[in-house]
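*Asks:* Build the 3D model from these lines:
(chains A and B)
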2 protein chains.
Amino acid sequence: MQVFNEIGPLRQFLRHIRSQQQTIGFVPTMGAIHEGHLNLVRAAKTQNQVVVASIYVNPAQFNNLSDLEKYPRTLEKDISLFTAAGCDVLFYPDNQEMYGEPSKIKFDFGSLDKILEGVFRPGHFSGVALVVSKLFNIVTPDRAYFGQKDFQQFKIISQLVDELKFDLQLICIPTTREPDGLAMSSRNLRLNADDRKKALVLVQSLRYANDEIRKKTDFKKIRTEIQKRCTDLNVKLEYFELADRKNLSLLDTVKDNDQAILLMAAYAGEVRLIDNVFVE
Amino acid sequence: MQVFNEIGPLRQFLRHIRSQQQTIGFVPTMGAIHEGHLNLVRAAKTQNQVVVASIYVNPAQFNNLSDLEKYPRTLEKDISLFTAAGCDVLFYPDNQEMYGEPSKIKFDFGSLDKILEGVFRPGHFSGVALVVSKLFNIVTPDRAYFGQKDFQQFKIISQLVDELKFDLQLICIPTTREPDGLAMSSRNLRLNADDRKKALVLVQSLRYANDEIRKKTDFKKIRTEIQKRCTDLNVKLEYFELADRKNLSLLDTVKDNDQAILLMAAYAGEVRLIDNVFVE
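*Replies:* Numbering: from 1, shown residues only, chains lettered A, B, ... in the order given. Model prediction:
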């Protein structure tokens, strides 16, 4: 795997790739690579000749400085994992390379960035849109791969690609889970043994709610039960919502032809986790 | 000159151009082509193998519906002028092709979009940034050409290219003027004979101010004189400002090593005009 720290040499390399009519699959990450990331690389590998991953912990998308400082960084292990998964190129820039002058541009997505994560992480999606725009313009991939765990992020980036006419295809890959169901996340590295157990409340709540929705149980009643479970476990719940998968507008109930999704954010100890499942 | 109305065929054509290692110069316009636009095409022609122009009256950058409706449209003449100037490709899309679904993304540029034009045209630069992002991602030029008359727009687009890492060079071409000094503008087509005379107050005020600044006359005194001239002519002045050419921060006075610019917006009759000169 070739590693580039600078935009210029990476662009030169990728221009050569494209001049040979090879397609480029792109997997942007913030490092602390786990099986979820590697599944994105593997998917990219099946659909493209060359796979580029990036590792960049983007300050602009952290609304909480302590979260930024504590974000896990495991570069050497990341490089061996990416290499073993068949990744061809790693882009690993520093802040000077990605930002230079302090950033002034902010993005607003109308309603999509004001709900769910947007309520609890002001500015987060503007930072995501900024760094993803930079990365797309640097890598100019044919396809870019994102995990379903960050489903609202996927919708934001879909809006960005659609409106700014980026010439690429976005692909959403199902969330990779631990054997007990916990959604894989770089932040899981920060969980102690006790919080690791508590963290299961996310996937268990989502699966419970999915079952109850199938039984036509009222969604408010389901949410009350989940709030109670979180309180009993001393887990701080930020949101538990039912939404339309298309545009994430919040729902009170699932009609027959709705494509719905359940989304949840909660703290296991000091670690904020998110997860979601499609309502089947 | 080849004319494309749709993004797909244009992209296919330009991919072929790039696969032959040819460079692309891009001149985005809103039509009603005049010598100012043609000078951009000529400049692009000297620096690139292929010149692409676009004509698209972008609704998102009009804060005033009547201004949008009255914006001059002269397509057949535009095509012959571009052809004669050696333009190779014209992209002439409709609203459906450029927007599809209603737009939700807004851009904020910090201070740069809150001054000068930003005060009088709320939302204008967000609309400019949106359409320019679309066009850059569709045309993917090596170089893009803009006129100095819209200098604040040029600074906004510079910020956009810098922060979003568009892989292209921006080039600002000096304003083309009529023999009597009036800055060329598509909106000049809307001036009646009386307003055409009044419109000269812009270039004359800017040149007068430039001379007075050289004589170290206080800028507030200069502005008062210009306000008086506008009032005498029954010309509505929106702003007359001195600014730093680098970031457009407003100045009260020019120091020896300042790179300054004078900028003005005023109505000749019902037609809003802007102009600027670099302080020499």
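
*Asks:* Tell me if I'm right that residue A:27 and residue A:42 touch.
*Replies:* No - Residue A:27 lies out of contact with residue A:42 (CB atoms under 8 Å); the separation is 9.7 Å. Where you see a C-beta, it was placed from the backbone N, CA and C, and this is true even at glycine.

*Asks:* Can you pick out the residue with more neighbours from these two?
*Replies:* residue A:27 (31 against 17; other CB atoms under 10 Å in any protein chain shown).

*Asks:* Tell me how far the more buried one lies from residue B:74.
*Replies:* Relative to residue B:74, residue A:27 is positioned 48 Å away (CB to CB, to the nearest Å).

*Asks:* Residue A:128 now?
*Replies:* 42 Å.

*Asks:* higher neighbour count, those two?
*Replies:* residue A:128 (24 against 15).

*Asks:* which bits of chain A sit near chain B?
*Replies:* For chain A, the contact set with chain B under CB under 8 Å from any CB of the partner chain comprises A:7, A:11, A:19, A:100-101, A:103-112, A:130, A:133-134, A:137-138, A:140, A:159-160, A:162-167.

*Asks:* Which residue ranges of the stretch 101-250 of chain A form strands?
*Replies:* Secondary structure of the stretch 101-250 of chain A by DSSP state E, counting those that start in this stretch: the strands cover A:106-108, A:143-147, A:169-173, A:236-244.

*Asks:* how about those, which one is nearest residue B:149?
*Replies:* Closest to residue B:149 of those is strand A:106-108 (CB to CB; 27.3 Å).

*Asks:* Buried residues, the closest one. List them.
*Replies:* A:106, A:107, A:108 (16 or more other CB atoms under 10 Å in any protein chain shown).

*Asks:* Show me chain A divided up by domain.
*Replies:* A:2-173, A:191-272 (automatic domain parsing).

*Asks:* Pretty sure residue A:3 sits in a helix.
*Replies:* No - under DSSP: H, G, I helix; E, B strand; the rest coil, residue A:3 falls outside any helix and is assigned strand.

*Asks:* And it, how far from residue A:246?
*Replies:* In terms of CB to CB, residue A:3 sits 39 Å off from residue A:246.

*Asks:* ok, these two, which is more surrounded?
*Replies:* Counted by other CB under 10 Å, residue A:3 and residue A:246 do not tie: residue A:3 has more neighbours, with 14 against 11.

*Asks:* For the closest residue to the more buried one other than its chain neighbours, give me its contacts.
*Replies:* Nearest residue to residue A:3, sequence neighbours excluded (CB to CB, 6 or more residues apart in numbering or on different chains): residue A:90, at 4.7 Å. Residue A:90 makes contact with A:1, A:2, A:3, A:4, A:52, A:53, A:54, A:55, A:79, A:82, according to CB atoms under 8 Å, 6 or more residues apart in numbering or on different chains.

*Asks:* Give me the number of neighbouring residues for residue A:209.
*Replies:* 22.

*Asks:* quick one: it and residue A:227 touch, right?
*Replies:* No - counting by CB under 8 Å, residue A:209 sits too far from residue A:227 to count as a contact (11.7 Å).

*Asks:* what's the overlap in contacts for the two?
*Replies:* By CB under 8 Å, 6+ apart, the residues touching both residue A:209 and residue A:227 are residue A:240.

*Asks:* which residues touch residue A:129?
*Replies:* A:107, A:109, A:156, A:157, A:160.

*Asks:* mind checking how far it is from residue A:153?
*Replies:* 10 Å.

*Asks:* Also residue A:67?
*Replies:* For residue A:67 relative to residue A:153 (CB to CB), the value is 15 Å.
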